[in-house]
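Asks: Okay, sequence plus prediction incoming.
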Protein chains: 2
Amino acid sequence: MRGAQSYEVGMKLDSMDISATASASTIVFNALRKAIIEGQLEEGEALRQDEIARLFNTSRIPVREAISRLQEQGLVKTQRYKGAIVAGLSPEETEEIFDLRSLIEPEIIRTAVPKMSTALLKAAREKCGAFSACKDPNEWGDLNRDFHDTLYSASELKFFIEIADNAIDRVERQIRAQLILSNGMERAGREHFGILEACENGDADQASQLIKDHILGAKQSLLQHLPES
Amino acid sequence: MRGAQSYEVGMKLDSMDISATASASTIVFNALRKAIIEGQLEEGEALRQDEIARLFNTSRIPVREAISRLQEQGLVKTQRYKGAIVAGLSPEETEEIFDLRSLIEPEIIRTAVPKMSTALLKAAREKCGAFSACKDPNEWGDLNRDFHDTLYSASELKFFIEIADNAIDRVERQIRAQLILSNGMERAGREHFGILEACENGDADQASQLIKDHILGAKQSLLQHLPES
DNA sequence: ATATCTCATATTGGATCCAATATACAACAC
DNA sequence: GTGTTGTATATTGGATCCAATATGAGATAT
């Protein structure tokens, strides 16, 4: 369930639940997921089981389980006896994912706003500032997501968040590309402050609407810069 | 991509894409998924790799890949060295899933209505009738889902449908239980005809609203009959 | 009797090996 | 040259084997 946890009584030892330690397949899964959504592995690229197994100093078995899971998440596509390639999205599919996000994430925020503690809002403001202040494009994606995750976590809607996370995973590369576009980063930063302010004011409807605009705005900006359109 | 496909030129042979045939792990995955959502395997029950492998006359490797995928779908929970058990839902979690459905499925129908062909509507009416006429409670779940799937398919929103399908998977057992409740089946049948009629009239807003009511009504009926409340 | 400690067994996680298939390239026929 | 066929290699899918851990029954101490 949760990560490392320490006990108070008797033992002066930082203990942890060993049965919750990561298996090889989980480690490989997380690493591949990260590499895919960050674009280190590019769309269409083949995932060689052998090569990955060597990289992680393990056998192909955990690699195959990791790939099965990635397939179920829609991050790779596999063909029997041919292997797995990094999944890509057509412009229409990208649009659908953003539309899905624009439906779910406003609802998450709406539920989250009345549950936000002052501590959480403070943390969110810091992350928001860190995002706007950051000069390294490589970090923008992480900080952007970190800000959203913080706000969403207050909702305690685990399934909504699960779906939103997967949707974001599938378009994370495009989001990062969009941030780098002219004005992308500047606009995102501005919109983040607006969303945060609505949260601080406890205005759930406003925050919800701003998130929706934020997502649909990113979609528009992205589609306009796509080769096809 | 598509299933079996035949060629016209020269060959008078019904051919099929062999590389698209199911692997052992896929067969096991589908069978386990079916057994879980239909309730043949009940909540909390352990999945023994060895036993399943024997049942399908295969080794544990494909079974493990299948279980990895089920875990990613949220249908089982696994603990390292302890194995997988069929996932269950708390009343709060069940409620969240239904709320998620009530957000997504109305949007699917709204998009689907203007794209429905007369052939599809005819098929939907037949399925609707088959559902209402059916006397065998074991078949109700399948027919219910078949009706919804038919309508949704017209939307061509593959991701929305993917999410909805997973959400339905997670509460399929409860849906089946709800249908058996007093009035459950009768009411579902009645509501289906209403939804269908709205589709036939091309009234997307009406169909969307009726689907929403249909889902939230099922949620209410279910929560009232749950032990906790 | 209760609690703790072995230790045998069951079960999962992972490594290694073999089988089935894809892919690329050479040989060959025309 | 073009197109087909055979063959070698690479790669995936699956089986078998070993290692690590969990579980439960019995032994032992208090």
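Replies: On my side now, so go ahead.

Asks: The helix or strand A:F160 falls within near chain B at all?
Replies: Assessed by DSSP states H and E, A:F160 sits inside helix A:158-180. Yes - under the criterion of CB under 8 Å from any CB of the partner chain, chain B is reached by helix A:158-180 at A:158-160, A:162-163, A:167. All C-beta spots, glycine's among them, are computed from the backbone N, C-alpha and C.

Asks: Also stretch A:58-65?
Replies: Yes - remark: stretch A:58-65 sits within contact range of chain B at A:61, A:64-65, by CB under 8 Å from any CB.

Asks: Relative to A:E45, how far out is A:E51?
Replies: 11 Å (CB to CB, to the nearest Å).

Asks: so A:R69 touches A:F29, yeah?
Replies: Yes - judged on CB atoms under 8 Å, A:R69 makes contact with A:F29 at a distance of 5.2 Å.

Asks: Those residues of chain A touching DNA strand D, which are they?
Replies: A:18-19, A:46-50, A:60-61, A:64, A:78, A:80-84 (CB under 7 Å from any atom of the strand).

Asks: re the thing from before, now the residues of stretch A:58-65 next to chain B in JSON lines, with distance to DNA strand C?
Replies: Shown next, in JSON lines, are these (distance: CB to the nearest atom of the strand, whole Å):
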{"residue": "A:I61", "distance to DNA strand C": "4"}
{"residue": "A:R64", "distance to DNA strand C": "9"}
{"residue": "A:E65", "distance to DNA strand C": "7"}
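
Asks: Can you name the residues that contact A:H148?
Replies: A:H148 is in contact with A:105, A:168, counting by CB atoms under 8 Å, 6 or more residues apart in numbering or on different chains.

Asks: Relative to DNA strand D, how far out is it?
Replies: When distance is defined by CB to the nearest atom of the strand, to the nearest Å, A:H148 is 34 Å away from DNA strand D.

Asks: bridging residues for the residue of chain A at minimum distance from DNA strand D?
Replies: Distance from DNA strand D to each residue of chain A (CB to the nearest atom of the strand) is smallest for A:G83, at 3.2 Å. Going by DSSP bridges, A:G83 is paired in beta bridges with A:Q79.

Asks: doesn't A:Q49 make contact with it?
Replies: Yes - assessed by CB under 8 Å, A:G83 is found in contact with A:Q49 at 7.2 Å.

Asks: sorry, back to before: among the residues of chain A next to DNA strand D, name the buried ones.
Replies: Buried members of the residues of chain A next to DNA strand D, scored by 16 or more other CB atoms under 10 Å in any protein chain shown, are A:47, A:49, A:64, A:78, A:84.

Asks: Torsion angles phi and psi at A:K77?
Replies: With angles defined as degrees, to the nearest 10, A:K77 sits at phi -120, psi 140.

Asks: Contact residues of chain A facing DNA strand C?
Replies: Contacts of chain A with DNA strand C, taken as CB under 7 Å from any atom of the strand, map to A:23-25, A:58-62, A:65, A:81-82.

Asks: Quick check: what element follows the helix holding A:F160 along the chain?
Replies: In N-to-C order, the element after helix A:158-180 by DSSP H and E is helix A:184-200.

Asks: can you list contacts of that next one?
Replies: A:109, A:112-113, A:116, A:121, A:124-125, A:128, A:131-132, A:137, A:140, A:144, A:147, A:151, A:178-179, A:204, A:206-207, A:210-211, A:213-214, A:217-218, A:221.

Asks: Quick check on those residues: which are buried?
Replies: A:109, A:112-113, A:116, A:121, A:124-125, A:128, A:131-132, A:140, A:144, A:147, A:151, A:178-179, A:204, A:206-207, A:210-211, A:214, A:217-218, A:221.

Asks: out of these, which are inside helices?
Replies: A:109, A:112, A:121, A:124-125, A:128, A:131-132, A:140, A:144, A:147, A:151, A:178-179, A:204, A:206-207, A:210-211, A:214, A:217-218, A:221 (DSSP state H).

Asks: measure the residue of chain A found nearest chain B to A:A87 for me?
Replies: Residue nearest to chain B within chain A: A:E72 (4.0 Å; CB to the nearest CB). A:E72 sits at a distance of 12 Å from A:A87 (criterion: CB to CB).

Asks: before we move on, what about A:Q40?
Replies: With CB to CB as the criterion, A:Q40 and A:A87 are 15 Å apart.

Asks: ditto for A:Y152
Replies: Distance from A:Y152 to A:A87, by CB to CB: 24 Å.

Asks: out of those two, which sits in the busier spot?
Replies: When A:Y152 and A:A87 are compared for neighbours, A:Y152 comes out ahead with 21 against 18, by other CB atoms under 10 Å in any protein chain shown.

Asks: Skipping adjacent residues, who's closest to that one in space?
Replies: In space, and not counting its chain neighbours, A:Y152 is closest to A:I108: 5.0 Å by CB to CB, 6 or more residues apart in numbering or on different chains.

Asks: Does that neighbour touch A:I161 like I think?
Replies: Yes - using CB under 8 Å, A:I108 is in contact with A:I161, at 6.5 Å.

Asks: Mutual contacts of those two, please.
Replies: Contacts common to A:I108 and A:I161, judged by CB under 8 Å, 6+ apart, are A:152, A:155.

Asks: Settle it for me: which of the two has more neighbours?
Replies: A:I108 (23 against 18).

Asks: Any chance of JSON lines for the buried ones among the residues of chain A next to DNA strand D, columns pLDDT?
Replies: Listed next are these as JSON lines, based on pLDDT from 0 to 100:
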{"residue": "A:L47", "pLDDT": "97"}
{"residue": "A:Q49", "pLDDT": "97"}
{"residue": "A:R64", "pLDDT": "97"}
{"residue": "A:T78", "pLDDT": "96"}
{"residue": "A:A84", "pLDDT": "97"}
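
Asks: Distance to B:D99 added to these, as JSON lines?
Replies: As requested, those are arranged in JSON lines below (distance: CB to CB, whole Å):
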{"residue": "A:L47", "distance to B:D99": "36"}
{"residue": "A:Q49", "distance to B:D99": "40"}
{"residue": "A:R64", "distance to B:D99": "36"}
{"residue": "A:T78", "distance to B:D99": "33"}
{"residue": "A:A84", "distance to B:D99": "34"}
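
Asks: residues contacting A:D146?
Replies: A:127, A:131.
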